[in-house]
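# Based on what follows, work out the 3D shape:
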Amino acid sequence: MLSVNEFKELKGIKDLPLSDFQVLLKKYRPDYDISKIRNFCIIAHIDHGKSTLADRLLEITNTIPKSEMREQFLDQMDLEREKGITIKSHPVRMVYNRGDERYILNLIDTPGHVDFTYEVSRALAAAEGALLVVDATQGVQAQTIANYNLALDANLELIPVINKIDLPNANPESVALEIEETLLLDEPIFVSAKYGTNVDKVLEAIIHRLPQPKGDPKKPLKALIFDAFYNSYRGVIVFVRVFDGFVYPGQRIKLWSSNKVFEVEEVGFFTPKLTPAKMLLAGEVGYIIAGIKDIEETRIGDTITDADNPTDKPLPGYREPKPMVFSSFFPSNPEDYEKLIDAISKLKLNDAALQWSKENSQSLGFGIRCGFLGLLHLQIVQERLEREFQLDIISTTPSVKYRVTLKDGTVLEVDNPAKWPDEGSIAKVEEPVVNASIVTPVEYLNEVLKLIQSKRGTVTHMENMGNNIVIKARVPLMEMIVDFYDLLKSVTRGYASLDYTLGGYQEADMIKLNILIHGKPVDALSLIVHRDKAYWIGRNLVNKLKEVIPRQLFEFKIQAAIGRKVIASVTVKPLRKNVLAKCYGGDVTRKKKLLERQKEGKKRLKQVGQVAIPQEAFWSVLSVRTSDKRET
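You can find the predicted model right below:
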């Protein structure tokens, strides 16, 4: 914290003449020189070496002591290390001493998977440039092109970096030509992030080829919130990029969207741990702690300004992400419902792409309905809720949002099978489709085209790109999220890559497939399917559920039905207790009496018994699609 005199000086600094302002600025931040600041991201297709390159940059700049260094240092979450992917954007401030000059390099590492594109877009808005990393063995991939387009939309300066030149099958010259022809980028840097080869040239390129940030520390404060997380003791900690002005402890700040005013407790940098500073100035990336206890007060993309001298207009912020996949979460223990609400609120703060609302299910009780950017995003959120908040969760089958037009002209948007209208009242159904971009070697073209056709997709465009071919296609979103990526990797032996964006709606013959267990419909297991596939999915699903739902002491049926018509059914035989085990001989009438009593008990159980449904049953709905031989 600042002393009383320091606070008074900083509070009046904005009213000083420019020369006095600069003198006082040097007193509190002698290291500040906006011309020596570079804010940049690392973007790439998944597994092209972003995190490894970030490790080498941290080593060369001595940001992390060698004794503390570990692989994928910026990937702090256990999930990121286990899965080998970056899930969250991670900022870090590096000091690069270049002779007598001292440069501040603010790096924001980004995810590569298509499900976390929103994380990438937020990081790009806080930077002036980006390193576009391309694998020397794989070349330009679908997500490379997608991230390149995101960077262009954000008006970022790009430096192409060709990584993994140490591998025996690397072909950096060919990849360089591909980058020049496809992305119109020249002067790539050939590196091996694993061994640190030419990484020093990357640092030089960052200094010489990326622009310094624009901004004026004397203007009213204007800072962009690009991320945040909740601390139990200090409240919401917001990650900001300061575009104009400055912020210091004791200052009164205002959140533009809510108009709420808070007093700053601490500001600082990411080194990568939170390191307090006396002030943050225009062009810098850092954090602000201001005693924000209510999570709802903070919005990612919001503008922070000075409460006493506010800016005249906010920063553009971000476009709201559009969820593509929907699923419901229910606590296994109903008493944990409030804990689930609190956990999802805190997670939403750290994951702005997550959307949720409260829900009530007849079979599972109170829960929440969530919207995700993809299936991996869903799985990551569920695992984070279970690990970070110690919750035991039941998640329902993922679905997408359908547009249903009723015969009376009413148009409904339905993302939950439980809310599907009666078949007789529906005039037409439209399903969401995606514009998919697939990059594959030429020799696998036929297999990829067959896969697209089997998923009810249509090819709209094809073009050559060196030894690869780029296929543009429109594919139903539900077909895409289930197993399309896995099958694509299978038929191309891992060489193809995929990127997709939401591409509107198209009319389709979709119906609701109900699942009944012991005569009772289970709304959480129902799903929307294409009419042509209803029988096959229903048959496979009831067989799968028979395997995962435990046998009971009574006989029960698992049925798939469309309306009142049952299209598939299996009977689960009861567990049988040997009631005759204690009979060692004796009159046969005694044995018959015991058997009759058991029979009556089972009959009574069959009337009142409840079937417990395990979590595996809900995810089995997904697996049945891959088991349909007609699709593969």
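
# Only C-alpha atoms from now on, for both contacts and neighbour counts.
Noted.

# Tell me the helix or strand right after the worst-scoring helix or strand of the chain on mean pLDDT.
Here the helix or strand of the chain ranked lowest by mean pLDDT, DSSP states H and E is helix 78-83, holding a mean of 56. Remark: after helix 78-83, the chain's next helix or strand is strand 90-98, criterion DSSP states H and E.

# Using CSV, write down the CA coordinates of that next one.
This file holds the C-alpha atoms of strand 90-98, laid out as CSV (Å, rounded to 0.1, in the frame of the first residue of the first chain):
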residue,chain,number,x,y,z
HIS,A,90,-2.0,-17.1,-18.9
PRO,A,91,-0.3,-13.7,-18.7
VAL,A,92,3.3,-13.2,-17.6
ARG,A,93,5.6,-10.1,-17.5
MET,A,94,9.2,-10.7,-18.7
VAL,A,95,12.1,-8.3,-18.4
TYR,A,96,14.5,-8.6,-21.3
ASN,A,97,17.8,-6.8,-20.8
ARG,A,98,19.3,-6.1,-24.2
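
# Mind listing what's buried along it?
Using 16 or more other CA atoms under 10 Å as the test for burial, strand 90-98 gives 90, 91, 92, 93, 94, 95, 96.

# Run through the residues that contact the last one.
For residue 96, the residues meeting the contact criterion (CA atoms under 8 Å, 6 or more residues apart in numbering) are 61, 102, 103, 104, 105.

# out of those residues, which are buried?
Buried among these (16+ other CA under 10 Å): 61, 103, 104, 105.

# Is it possible to get JSON lines of those that adds secondary structure and pLDDT?
Putting the buried ones among the contacts of residue 96 into JSON lines (DSSP: H, G, I helix; E, B strand; the rest coil; pLDDT from 0 to 100) gives the following:
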{"residue": "61", "secondary structure": "coil", "pLDDT": "91"}
{"residue": "103", "secondary structure": "strand", "pLDDT": "94"}
{"residue": "104", "secondary structure": "strand", "pLDDT": "95"}
{"residue": "105", "secondary structure": "strand", "pLDDT": "95"}
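
# Quick one: the strands in the stretch 51-200 of the chain, in order.
In the stretch 51-200 of the chain, the strands defined using DSSP state E, counting those that start in this stretch lie at 90-98, 101-109, 129-135, 157-163, 189-190.

# mind checking which of the ones you listed is nearest residue 12?
strand 101-109 (27.2 Å; CA to CA).

# what's the angle from that closest one to strand 90-98?
Counting by axes from the mean of the first three to the mean of the last three CA atoms, to 10 degrees, strand 101-109 points 160 degrees away from the direction of strand 90-98.

# Figure out how far strand 101-109 is from the centre of its chain.
Centroid separation for strand 101-109 versus its chain: 26 Å, with CA atoms, centre = their mean, to the nearest Å.

# which strands and helices sit next to that strand?
For strand 101-109, the packing partners by 3 or more CA pairs under 8 Å, 6 or more residues apart in numbering; DSSP states H and E come out as strand 37-44, helix 50-60, strand 90-98.

# let's see 6 Å
strand 37-44, strand 90-98 (3 or more CA pairs under 6 Å, 6 or more residues apart in numbering; DSSP states H and E).
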